[in-house]
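Chemist: quick check, what structure comes out for this input:
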Amino acid sequence: MEYNTTLERLKMSEYGRCVQQMVDYCKTIQERDERLRCARTIVSVMEKMVDEEDDTDEVQLKLWNHLAEIADYDLDIDYPVQIERHDEDESKRQRVPYPKTKINRRNYGHIIESFTEAIKGMENEKERMELAGQVANQMKRDLGNWNVDAMSDDKVADDMARYTDGKVLLDPSNFQFITDGEILSSLISTSVKKKKKK
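Modeler: Coordinates of the predicted model:
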């Protein structure tokens, strides 16, 4: 049995193994005119695979360039468009480091931790309270994402006081938190959008 994991790595996975095999076959055709005819057929198959509605010059340029890339720029045909070579040396790719920050308050996340630390160090009281208000409302949204039943103005106010070492004391009776209804409607609309995408 043949598994994809044992086969040669695809040059452009969005077109699948069938297109890769067609390109490999096209490279073996001896007659130049026949090779070009085969390449045109492959491009028309690729065109049906992409979401582009219009048969514009830009789409054609992209598809022919993709064909050349799949063929490792080794397909000897008269391309109907200008081919731009995109050789990418694997060794030159820089690996993006994965953040290794320890998150103490997982339900709020690293960004909220960073903001509460910054709030503690702020000198200007007005700016501190303004930022604290925005962070508090985000904390409430985060609680709603984590567990809808955990949303509580009192909890957010307590957490904010604890995380800022008592420098920010929010009174739920005076401070205007984002309402539970706003958070729930936002969660519902996000959920509906995700279902529509599927």
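Chemist: for the rest of this, base every contact and every neighbour count on C-alpha atoms.
Modeler: Fine.
Chemist: model confidence at the residue in the chain sticking out farthest from the centre, what's the number?
Modeler: Distance from the centre of the chain peaks at Glu31, with 43.9 Å (Cα atoms, centre = their mean). Note for Glu31: predicted pLDDT of 93.
Chemist: how near is it to Arg37?
Modeler: Glu31 is 10 Å from Arg37, where distance means Cα to Cα, to the nearest Å.
Chemist: what sits in contact with each of the two?
Modeler: The contact sets of Glu31 and Arg37 do not overlap (Cα atoms under 8 Å, 6 or more residues apart in numbering).
Chemist: low-confidence stretches in the chain?
Modeler: Counting by pLDDT under 70, the low-confidence segments of the chain come to 1-5, 52-55, 87-93, 190-198.
Chemist: one more time with 80
Modeler: 1-7, 51-55, 86-106, 146, 148, 150, 186-198 (pLDDT under 80).
Chemist: residue ranges of the helices in it, please?
Modeler: Remark: helices assigned in the chain by DSSP state H are 16-28, 32-49, 57-70, 110-121, 125-146, 153-163, 180-197.
Chemist: tabulate those helices (CSV), appending mean neighbour count.
Modeler: Shown next, in CSV, are the helices of the chain (neighbours: other Cα atoms under 10 Å):
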stretch, mean neighbour count
helix 16-28, 16
helix 32-49, 16
helix 57-70, 18
helix 110-121, 16
helix 125-146, 18
helix 153-163, 18
helix 180-197, 12
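Chemist: looking at those helices, which is closest to Ile83?
Modeler: Proximity to Ile83 (Cα to Cα) singles out helix 57-70 among these, at 5.5 Å.
Chemist: for the closest one, packing partners?
Modeler: When contacts are defined as 3 or more Cα pairs under 8 Å, 6 or more residues apart in numbering; DSSP states H and E, helix 57-70 sits against helix 16-28, helix 32-49.
Chemist: so which of those gets nearest Glu113?
Modeler: Proximity to Glu113 (Cα to Cα) singles out helix 16-28 among the helices and strands packed on helix 57-70, at 43.2 Å.
Chemist: can you tell me what sits against the closest one?
Modeler: 10-11, 35, 38-39, 42, 46, 67, 70-71, 74-76.
Chemist: with stretch 163-182 instead?
Modeler: Counting by Cα under 8 Å, 6+ apart, 113, 116-117, 119-120, 129, 132-133, 136-137, 140, 151, 153-154, 157, 160-161 sit against stretch 163-182.
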